[in-house]
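**Q** take this sequence and fold it.
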Amino acid sequence: MMASSSTIAMAAMKRSLVAPQKNVAIIDTGIDPTATEIRGAIVDELCFSHNASCPNGESFMHGTQAATLPLSAMSNATFEHGTEVISSAMSVNPSVRIIEVRCSSVKNISEWEGCNYDDIALALSWLYLNATNINLGAVVLPMATNPSKNCDADVANQSHVADLAAINIPVIASSGNNGNFGAVSNPACIPGVLAISATDKSGRIARYANYSSRVDFATLGEFSVISSKNKRVQAGGTSLSAGAFGAQWTLIESMKHLSLTGQIDWIKRIAIAAKAPVGSGTISSVPSDLSLYLTSQSGAES
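**A** You can find the predicted model right below:
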C-alpha cells in the first residue's frame with residue numbers, strides 16, 4: 001500500500017534531522033521585535049548599516065538581537081518584509097535554520113533606507129569569510145531594483161557571488177515584482193546568482209513576477225505569513241519565493257549531499273514546467289513540498 005503524503009513528509013523531516021541542515025543567510029530588512037513565531041528558526045543575527053543604526057549604534061553588529069528592528073520602526077510597513085520572508089521559508093521547510101542579516105538602516109525613528117551595493121558587498125564578504133564558522137549553506141537576497149535588459153551588475157558583488165559559489169554556496173535572489181516579461185531585477189541579474197521567479201497557487205508564473213531566459217527557477221510565491229505583531233496575513237511576491245527556495249535548497253543539500261552544480265542539475269530534473277501568463281514560455285518550477293521526491297530516493301545522487 002502506498003504511504004500517505006503526511007507519512008512521507010514526516011519521514012523527510014526525520015531524515016533531515018539525521019543530516020543537520022546548513023544555515024540560510026537572508027539579507028533583508030531585519031526582524032520585527034514582536035514577531036515571536038519566527039524566532040525558533042533564527043540561529044544567528046547580523047546587522048550592516050550605512051548610517052550606524054544597528055542596535056549597538058554602530059555600522060556592524062553580530063550576535064543576539066543584531067537583526068532586530070526598533071519597535072518604533074515597525075510603524076513603517078516596509079520593515080515587515082524580513083519577518084514575512086522568514087515566514088515563507090518556514091512554510092516550505094519547518095526545520096530551516098536562518099541567519100537573519102539586517103541590511104536596512106533606520107532614519108528618523110521609522111524612515112526606511114534600503115541596502116545599497118556597498119552594504120550588500122560587505123554582507124556577502126563577511127558571510128564568505130565566516131562561512132565555515134556559521135555553517136553557511138545558502139545566501140538569499142530578497143530584494144529587487146527596476147528590471148533592465150542591461151544588468152547594472154556591481155563588480156564587487158559579482159566577485160563575492162563567485163567566491164561563494166567556489167565553496168558551494170549559492171546566492172539566491174528574487175526576480176522582482178514589476179510584471180516584466182523580458183528582464184529581471186538586480187541583484188537577480190548578476191552573473192552567477194540564482195534568479196528566482198514566483199508561481200501562483202495554480203502553478204503558473206504569477207502575473208506580477210518578472211521573468212525571462214535569465215530566470216533559473218520559480219517556486220511558490222503566495223503564502224500565509226507572519227507579519228507585524230504575530231498577525232498572519234496573505235502575501236505574495238518573488239521575495240517570498242526566494243526565501244522559500246533558500247529553505248528548499250538547504251533541505252535538499254542535507255539529504256542529497258551534492259555539489260552546487262550537481263544540486264542545480266538535480267532540481268532541474270525534478271522541476272515541473274510552469275507556464276507564463278502570456279505567450280508559450282515556461283520556467284522550471286520547484287514543487288513547494290519536496291518530501292515526496294526526497295524520501296523516494298537514497299541520500300546519494302541518482
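
**Q** all strands for the stretch 201-302 of the chain, in order.
**A** All strands of the stretch 201-302 of the chain, identified by DSSP state E, counting those that start in this stretch, fall at 217-220, 222-226, 232-236, 272-275, 282-286.

**Q** for the stretch 1-150 of the chain, same thing?
**A** Using DSSP E, counting those that start in this stretch, the strands of the stretch 1-150 of the chain run over 23-28, 42-48, 60-62, 98-102, 105-107, 111-113, 136-141.

**Q** can you list contacts of the first one?
**A** Contacts made with strand 23-28 from outside it, assessed by Cβ atoms under 8 Å, 6 or more residues apart in numbering, are listed as 43-44, 46, 81-82, 85-86, 89, 96-104, 115, 120, 123-124, 127, 134-143, 243, 246-247, 249-250. In this view, the C-beta of every residue, glycine as well, is placed from N, C-alpha and C.

**Q** ok, that strand: who's next to it in the sheet?
**A** The pairing partners recorded for strand 23-28 under DSSP bridges are strand 98-102 (parallel), strand 136-141 (parallel).

**Q** for the ones you listed, which one sits closest to Asp216?
**A** Of all the strands paired with strand 23-28, it is strand 136-141 that lies closest to Asp216, at 13.3 Å by Cβ to Cβ.

**Q** what are the ranges of the helices in the stretch 1-150 of the chain?
**A** 5-18, 81-92, 117-129 (DSSP state H, counting those that start in this stretch).

**Q** how far is the last one from where the chain is centred?
**A** I take that to be helix 117-129. 16 Å (Cα atoms, centre = their mean, to the nearest Å).

**Q** okay, buried residues for that helix please.
**A** Neighbour counts over helix 117-129 (16 or more other Cβ atoms under 10 Å) mark 119-128 as buried.

**Q** show me the contact partners of that helix.
**A** The contact list for helix 117-129 (Cβ under 8 Å, 6+ apart) reads 25, 27, 46, 48-50, 60, 101, 103, 115, 134, 136, 139, 141, 154, 156-157, 160-161, 163-164, 167, 169, 171, 187.

**Q** compute the inter-axis angle for it and strand 42-48.
**A** With axes from the mean of the first three to the mean of the last three Cα atoms, to 10 degrees as the basis, helix 117-129 and strand 42-48 are set at 140 degrees to each other.

**Q** now helix 117-129: mean pLDDT?
**A** What helix 117-129 shows for mean pLDDT is 95.

**Q** now do the first one
**A** In this model, helix 5-18 carries a mean pLDDT of 47.

**Q** before we move on, what about the second one?
**A** The average of the pLDDT scores along helix 81-92 is 96.

**Q** one step back: let's have the strands of the stretch 1-150 of the chain in JSON lines, adding mean pLDDT and distance to Ala274.
**A** Below are those laid out as JSON lines (pLDDT from 0 to 100; distance: least, Cβ to Cβ, whole Å):
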{"stretch": "strand 23-28", "mean pLDDT": "98", "distance to Ala274": "23"}
{"stretch": "strand 42-48", "mean pLDDT": "98", "distance to Ala274": "31"}
{"stretch": "strand 60-62", "mean pLDDT": "98", "distance to Ala274": "38"}
{"stretch": "strand 98-102", "mean pLDDT": "98", "distance to Ala274": "26"}
{"stretch": "strand 105-107", "mean pLDDT": "94", "distance to Ala274": "36"}
{"stretch": "strand 111-113", "mean pLDDT": "93", "distance to Ala274": "32"}
{"stretch": "strand 136-141", "mean pLDDT": "98", "distance to Ala274": "20"}
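
**Q** could you redo those as JSON lines and give each row distance to Asn210 and mean neighbour count?
**A** Output for the strands of the stretch 1-150 of the chain, formatted as JSON lines (distance: least, Cβ to Cβ, whole Å; neighbours: other Cβ atoms under 10 Å):
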{"stretch": "strand 23-28", "distance to Asn210": "19", "mean neighbour count": "28"}
{"stretch": "strand 42-48", "distance to Asn210": "26", "mean neighbour count": "22"}
{"stretch": "strand 60-62", "distance to Asn210": "32", "mean neighbour count": "18"}
{"stretch": "strand 98-102", "distance to Asn210": "23", "mean neighbour count": "27"}
{"stretch": "strand 105-107", "distance to Asn210": "26", "mean neighbour count": "19"}
{"stretch": "strand 111-113", "distance to Asn210": "22", "mean neighbour count": "14"}
{"stretch": "strand 136-141", "distance to Asn210": "14", "mean neighbour count": "27"}
